[in-house]
Structures are given as structure tokens and as C-alpha cells.
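Asker: Need coordinates for the below:
(2 chains)
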2 protein chains.
Amino acid sequence: MITKLKYYTFAERPGDELHLDCGRSLSPVTLAYETYGRLNAAKSNAILILHALSGDAHAAGRHHQEDSKPGWWDNAIGPGKAFDTDKYFVICSNVIGGCQGSTGPSSLNPATDKPYGTSFPMITVRDMVRAQKRLIDHLGIETLLAVAGGSMGGMQVLEWTICYPDSVRAAIPLATTARLSAQSIAFNEVGRQAIVSDPNWNGGDYYDSAAPATGLALARMIAHITYLSDESMHNKFGRRLQNRDNYSYDFITDFQVESYLHHQGESFIRRFDANSYLYITRAMDYFDLSSENGSLKKALEGVKARFLVVSFSSDWLFPTYQSKDIVSALRKNNVDASFCEIASSYGHDAFLLEVEQLSPPVSGFLDSTFKGATS
Amino acid sequence: MITKLKYYTFAERPGDELHLDCGRSLSPVTLAYETYGRLNAAKSNAILILHALSGDAHAAGRHHQEDSKPGWWDNAIGPGKAFDTDKYFVICSNVIGGCQGSTGPSSLNPATDKPYGTSFPMITVRDMVRAQKRLIDHLGIETLLAVAGGSMGGMQVLEWTICYPDSVRAAIPLATTARLSAQSIAFNEVGRQAIVSDPNWNGGDYYDSAAPATGLALARMIAHITYLSDESMHNKFGRRLQNRDNYSYDFITDFQVESYLHHQGESFIRRFDANSYLYITRAMDYFDLSSENGSLKKALEGVKARFLVVSFSSDWLFPTYQSKDIVSALRKNNVDASFCEIASSYGHDAFLLEVEQLSPPVSGFLDSTFKGATS
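Answerer: Modelled structure (predicted):
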């Protein structure tokens, strides 16, 4: 499947700005997105896929035949797959604040003609969803068959069902939470400190000079540990040494797990912007549906979508109890909510990897929603 | 209880060096230590306490009446406490490689008259124990009633029972492991990267200039998350804001949990040396009783001490299954091993905090060992 990154720019005129939770606004705003499959005549088969912290709009297929890797959720999106592009029109939208084609801190600030840097306004998960709604309107879709996503993508799913209850028939939040825990805020904060401690960060003003690559790589290494599990790290690396038979008795990279983390850090800096990392982790920290509404039940009161909530047994970043909290609050509101905990050793990353276990419930849920929508 | 830091220096003469696992040797070697209670005439009531990564010899009491805080395990060591100084002579020894009075990378290298820095030889947990054995010999103690310690202290406990089986009657490893997991190595490595990425680290040569305080503070912040638990962080901080009612929509410290971590980082840099952090975490990475002996059962074959192994239910750094592995290998060798998992929400730090739950099994175990030794 050859796919193409597209761009939609809006909020270009005064009075049409994108208003943000922080009280400021953005103008203009560009969202990068991709689409797979075909929108039917009734425009009733559109599914919006929402990505996690470091994801992008390139969820499936390849941009060029020779690309070594397909999009980040290619195992779940395509003909005959969980999100079946033979039946559905699948859209994946990047988030504002990001650095992969959408307006973010590395974008040019029209007021100064320089990159925003830290003059970029603080954004929230709800702001990301507000921008996506403009894209969906632009595509002429009144009601999405479903919104789906894992991790921060799942937070966007929840916001979609709350902010635009009449525009979403079904919601699939995976490996996510209704509010970031103290532990997750703590991990985000040490990642941010790694970035701002890098002298190259320079208060966020580094687009004309060397980027804070060391700090960003370290932030990614820290976060990556939280995406795996004790068990998956044991299975994948154990205590195996890297290209050696004995300890070096030195501070070089003795263990495979160290080498792997370094590799993760180094590949990340080639595709991600340090300021975007600061903004997006902060948006996640601020995500708390309960407190801003008094309770999670109250937050979900107006929701009309039916839900399939999925957690993964070894996910310790967004553990199962956090998904159960969502399900319980939905059911208190008499929302049709199915829950499924998938047994997996892959930790938080399981939502990207356990596609064989994920496909049957997801495709069944989508099919029954689609039948209900068209009957 | 007013206590006093003491020093023992040995390995001063050629031919008397402390030989290390890395193949190098150290001369001279100083160990800082403290003692509480009195050694009986039979010298049969001595208990050696071993500390964790960032601990020191000051385990109990105060150095000065006006000290705001007592030693790190004061709630467990003293008259009538778990390690009852009315009955026992308690010794706490610092580790080599450290920075709290014992020979480590910040010590003067006699060959150059400058601090060792990274020319300090790599040390192992076994090397730490080798040095402690010299201290115990110096104190005229042939057989320790018990060795006890949590986390890295527990690793030293295990090494004591393996290396000096005739010198230890009883062993109490708490919240520890027989080999560091891939996940723990990963956390150690990101901590080390935080330090070596700090420009002030300067290849470890910073004793005449500014120390890599930012990197060391960040390493501590990262590690500190692993000492707590999701539940304890939720109970202690939740999502409470720090001195504000609403989000700042800025990158300042919004959340109490962030403020707490910053505080932990800042206090740590006042008492710890960055190079010591590198050396000691590496010693932990290298700790693996199983592989160097073929199996954990084989590693523990010659052990003569009886054991009380204790884990804590919410400790995800050294989870209960790792303590159970130790117990199971001991029992395969017909070693008398009791096991106790203490229910606690405090995570890894529980071994320092759950003293009320810890005291009865520990004091019972010590009493019965002491009775057996003197009857």
C-alpha cells in the first residue's frame, strides 16, 4: 500500500483562529494526515486513528516502494486487517504541538518569521482534538464511525467522545487513562529535565544551531523503559552482553539492553523535535478528565458513543486499573462499554504489537457498529 | 544515641593490597564505619549492616545532639528495636567506591596525588564485601551473628554468605535480588547517561571545578521514581499542584510530584559524588550470582548461614519473584531459609519504612539464631 502524507491548513484568517485551553490561540494551523481506503457515498465508514506521544500521521503503508519500514500501525490498518481498509475509510491525523508536518514549536511563527520555540502556546489533549475536528469537517464527514488510538491516542479518543458526542459512533481507547498518574507525570518530568539540561537546548531557541540531541535521546531512553515490561526486557535482552564474552570493567556498553536503549535514543533524535517533546508530555500531564469535571462519571455524562476499552496485562505505565476506571464511569452513565484485558508480556507497547489478539475484538466491534449505523 | 563515624585503613603495604575482581588492586583502602551497642566477651553478638546504593555508614543515632535527622535506619537499629543494641553489637560499614569516608573515585590516588576520578578501578559487590571482611577481622570478630541489608545491601549479604560461609551465622537480605534484571540495568544506564552528558562531568575529572550537579540530580530523580510505587506516589502526591490552584500553562513546576523529585535531586548532590554513582551502579549491574556459577543453586552451595529473606509487595525494582528465586535456590541446597513478603504500598523504599512489620520477624530470627549460637 503506497500512501501519501497530506496537509490541511486552517484558521488562517483573523476571527478564525484555533482557540486553546491556555487562553491563547493559533493561526494558521496545519495538520498532517493520511487516509487509507475509500469514503463511502453515505460518508458513514470513516474511522479516525489517533497516535501516541511520538507517533505521526503515517500509520500505514509505505510512502515509497523502497521504504524499509511501513507506518507505525501497519499491522492493524489495511485490507482485511483490524481496521479493514476494504470496508472503512481510515484517517490518521497528526497532533498540533508535534513536529511531523503539523503546527508545533518548530513551525514558523508568522508574527516573527522565526520558529516559535517556547513562545509556542501550551496545548492540551483537548486542543489536539479541536484541531482534528476542523480536519474532519474539512473532509466533509459529519459522523465518524469510530475514533481509535492507544496511549495518548486513547486520551484523544476520550476527548472526542466528550467534546463531539454527536460526531462519534464508537470509541476504542487502548492502553490509556482518564488522567495521568503521579508516576507518569514524574517520568515525563525527568524526560523534560534531560532536555532542558542539555546546554544546546538554549531556552528552546536552537533551530539555527545544534539541537539538544543528547538530552532528547536521554529523554527517549528513559521513556522507552516505561514502554516495555520487566518480563519483555528479560525475554528480549536478559543480561546478555553486547559483542563480548566478559564484563569490560569499564563504562562502555557492556549489556545488550544498554545498546538497545542507546539505539532507541539515537534514532529518535533523527525524527523528533525536543521542544515538541516538552509540549506534548506537558499536554499529557495536564490530561485529567476527573478533576476538571468533578468526577470521571460527570466528565463522561454526555457521551453517546459505544466503547471498546482495551488494556494489556503487563502495561505498568497505564495499568489495567486505569482502563477499568474508564469502563466503570461509562457504565454508571449507561454507556454501552465493553472491556477487554489482553494478556501480554510486552508492557505498554503491547497495543502496537499484540495485533493478533487485538484484531478479533476490534473488527467485531467495528462491524457491529457499522451494521447498526447503516441498518 | 550519639554515634561517631570511624575509619579503618588497611592494605597500606605492598603485598597487602586489596585485590579486585577486575584484576586490579587498591592500596591503601579506608572504610568508614559506625558501631552501636557492645561486643560481648564471646564476640558472638555482632551484626553487620550493609547499605544500599546511596547509603552510608551512619545507620543510626545522631552525630550531634542538634542534627535534624538520625542515621538512615535509625527506626530499625537501637535499644529495643529490630536490631536491638541492648543485645547486639551492630556495625554498619560503608562500601568502597563510595564517597562518604571510604576509598572511592573522589579519594586521592597515591600514585598521582590527585583524585582517582575514572582511573579508579571498577569494583564489584564482592569487592565491597572483601573490604568489609578486613574490617571485621580488624574488629577481632571471627563469626558474625548476622549480616543484614536491603537492596544493594542485600546483595552484599548474599556475597558474605558465599565468600565467608564460616563467618556468618545468619543472613537477612531485604528487597534484593541475586542478579540485576535487564530493567534495573536499563534504569542504572539512563542515570549514568544523565551524569556523563553533563558537560561538567568532564570525563570524571571535575574535582577542581564545578561538579556535574545537574546530571547527578537528574540521575537521582530517575532512580527515585523506581524506589516508590504507583500507589505510594498516588497517595503522597496524586495530581496535586504545587502552590497554585490552576495549571500554569508553562514549563514551571506545576505538580507536587515534580517539586518533590527536584528536591530529592538537589539534596542528593550535596551528599553524593557523581563518579561514585557511576561506579556503584555498575557494580550492581555486574551482580549476577547465577551466571558466574552456572546456576543460583550452585552459587549458594557452600552457604552455611540460615536465612530470613524479605520482600515487599509493591517493590517493582526488586520484585518478590526475585526474592523467591533466592529462597528456592537456598532450599534446594537444604539451607534453612524463611521467607516473608511484607504487604506494603511503599515500593522499594518499604525496607526503610515498614519497620513495624519488619521488626517482629527480624528480632525473632535474630533471637533464635543468638540462642542457637550460645547454647
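
Asker: neighbours around the closest residue to A:Ser102 other than its chain neighbours, how many?
Answerer: Residue nearest to A:Ser102 in three dimensions, not counting chain neighbours: A:Asn94, with 4.3 Å by Cβ to Cβ, 6 or more residues apart in numbering or on different chains. (Glycine included, C-beta is placed from N, CA and C.) When neighbours are defined as other Cβ atoms under 10 Å in any protein chain shown, A:Asn94 has 30 of them.

Asker: Make sure A:Asn94 is actually in contact with A:Tyr33.
Answerer: Yes. Checked against Cβ atoms under 8 Å, the pair A:Asn94 and A:Tyr33 is within contact range at 6.4 Å.

Asker: what's the overlap in contacts for these two?
Answerer: Jointly contacting A:Asn94 and A:Tyr33 under the rule Cβ atoms under 8 Å, 6 or more residues apart in numbering or on different chains are A:Ala57.

Asker: what's stretch A:271-281 in contact with?
Answerer: With Cβ under 8 Å, 6+ apart, stretch A:271-281 has contacts from A:53-54, A:95, A:97-100, A:104-106, A:116-118, A:120, A:122-123, A:152, A:188, A:191-192, A:195-196, A:198, A:201, A:204, A:206, A:211-213, A:215-216, A:219-220, B:251.

Asker: Just the buried residues of the lowest-mean-pLDDT helix or strand in chain A, please?
Answerer: Every helix and strand of chain A was ranked by mean pLDDT, DSSP states H and E. The lowest is helix A:289-293, at a mean of 87. Using 16 or more other Cβ atoms under 10 Å in any protein chain shown as the test for burial, helix A:289-293 gives A:Leu289, A:Ser290.

Asker: what about that helix, near chain B?
Answerer: Yes. Shown here: helix A:289-293 in contact with chain B (Cβ under 8 Å from any Cβ of the partner chain) through A:Ser291.

Asker: Would you mind identifying the next helix or strand past that helix?
Answerer: helix A:296-299 (DSSP states H and E).

Asker: for that following helix, what is the average pLDDT?
Answerer: Here helix A:296-299 scores 98 as its mean pLDDT.

Asker: how distant is that helix from the center of its chain?
Answerer: 22 Å (Cα atoms, centre = their mean, to the nearest Å).

Asker: Can you list the buried residues in it?
Answerer: Within helix A:296-299, judged by 16+ other Cβ under 10 Å, the buried ones are A:Leu296, A:Ala299.

Asker: Thought A:Ile49 was touching A:Val95, still the case?
Answerer: No. Counting by Cβ under 8 Å, A:Val95 does not reach A:Ile49; the two are 11.9 Å apart.

Asker: For chain A, which segments count as strands?
Answerer: A:6-10, A:18-19, A:25-26, A:29-36, A:46-50, A:77-78, A:83-84, A:89-93, A:108-109, A:114-115, A:144-150, A:168-174, A:306-312, A:337-342 (DSSP state E).

Asker: Would you mind putting those strands into TSV with mean neighbour count alongside?
Answerer: Putting those into TSV (neighbours: other Cβ atoms under 10 Å in any protein chain shown) gives the following:
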stretch	mean neighbour count
strand A:6-10	15
strand A:18-19	16
strand A:25-26	19
strand A:29-36	23
strand A:46-50	28
strand A:77-78	25
strand A:83-84	24
strand A:89-93	27
strand A:108-109	14
strand A:114-115	16
strand A:144-150	29
strand A:168-174	27
strand A:306-312	26
strand A:337-342	18
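
Asker: Tell me how many other residues surround A:Ser359.
Answerer: With other Cβ under 10 Å as criterion, A:Ser359 counts 17.

Asker: Next up, the contacts around it.
Answerer: Contacts for A:Ser359 were tallied using Cβ under 8 Å, 6+ apart; they are A:Ala76, A:Lys81, A:Ala82.

Asker: Now the residue nearest in space to the middle of chain A. Nearest residue, chain neighbours left out?
Answerer: Closest residue to the average C-alpha location of chain A: A:Ala52 at 1.7 Å, with Cα atoms, centre = their mean. Spatial nearest neighbour of A:Ala52, excluding adjacent residues (Cβ to Cβ, 6+ apart): A:Ser151 at 3.8 Å.

Asker: Repeat that for A:Ser311.
Answerer: Nearest to A:Ser311 is A:Ser323, by Cβ to Cβ, 6+ apart, at 3.7 Å.

Asker: correct me, but the one you found touches A:Val310?
Answerer: Yes. Here A:Ser323 reaches A:Val310: they are 7.2 Å apart, a contact under Cβ under 8 Å.

Asker: overlap in contacts of the two?
Answerer: Shared contacts of A:Ser323 and A:Val310, counting by Cβ under 8 Å, 6+ apart, come down to A:Pro173, A:Ala175, A:Phe339, A:Glu341.

Asker: Nearest to A:Ser267 among the residues you listed?
Answerer: Nearest to A:Ser267 among the shared contacts of A:Ser323 and A:Val310, counting by Cβ to Cβ, is A:Ala175 at 22.0 Å.

Asker: pretty sure the residue nearest to A:Ala52 is touching A:His348, no?
Answerer: Yes. Using Cβ under 8 Å, A:Ser151 makes contact with A:His348 at a distance of 6.7 Å.

Asker: Spit out the residues that contact these two alike.
Answerer: The contact lists of A:Ser151 and A:His348 share A:Ala175, A:Leu317, A:Phe318, where a contact means Cβ under 8 Å, 6+ apart.

Asker: Can you check those residues and name whichever has the most neighbours?
Answerer: Result: A:Ala175 is most packed of those (other Cβ under 10 Å), 31 neighbours.

Asker: gap between that residue and chain B?
Answerer: 15 Å (Cβ to the nearest Cβ, to the nearest Å).

Asker: ok, now which ones touch that residue?
Answerer: A:150-151, A:154, A:310-312, A:315, A:317-318, A:323, A:348, A:350-351.

Asker: can you name the two of those residues that are farthest apart?
Answerer: A:Val310 and A:Leu317 (14.6 Å).

Asker: which helix of chain A spans the most residues?
Answerer: helix A:355-374 (DSSP state H).

Asker: now that helix against strand A:337-342, angle please.
Answerer: 170 degrees (axes from the mean of the first three to the mean of the last three Cα atoms, to 10 degrees).

Asker: Helix A:355-374: which residues count as buried?
Answerer: Neighbour-count burial for helix A:355-374 [16+ other Cβ under 10 Å]: A:Val355, A:Gln357, A:Leu358, A:Ser359, A:Pro361, A:Val362, A:Ser363, A:Phe365, A:Leu366, A:Thr369, A:Phe370.

Asker: Among the residues you listed, which one sits closest to A:Ser232?
Answerer: A:Gln357 (15.0 Å).

Asker: Tabulate the shared contacts of A:Ser323 and A:Val310 in TSV, adding columns for pLDDT.
Answerer: Below are these laid out as TSV (pLDDT from 0 to 100):
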residue	pLDDT
A:Pro173	98
A:Ala175	98
A:Phe339	98
A:Glu341	98
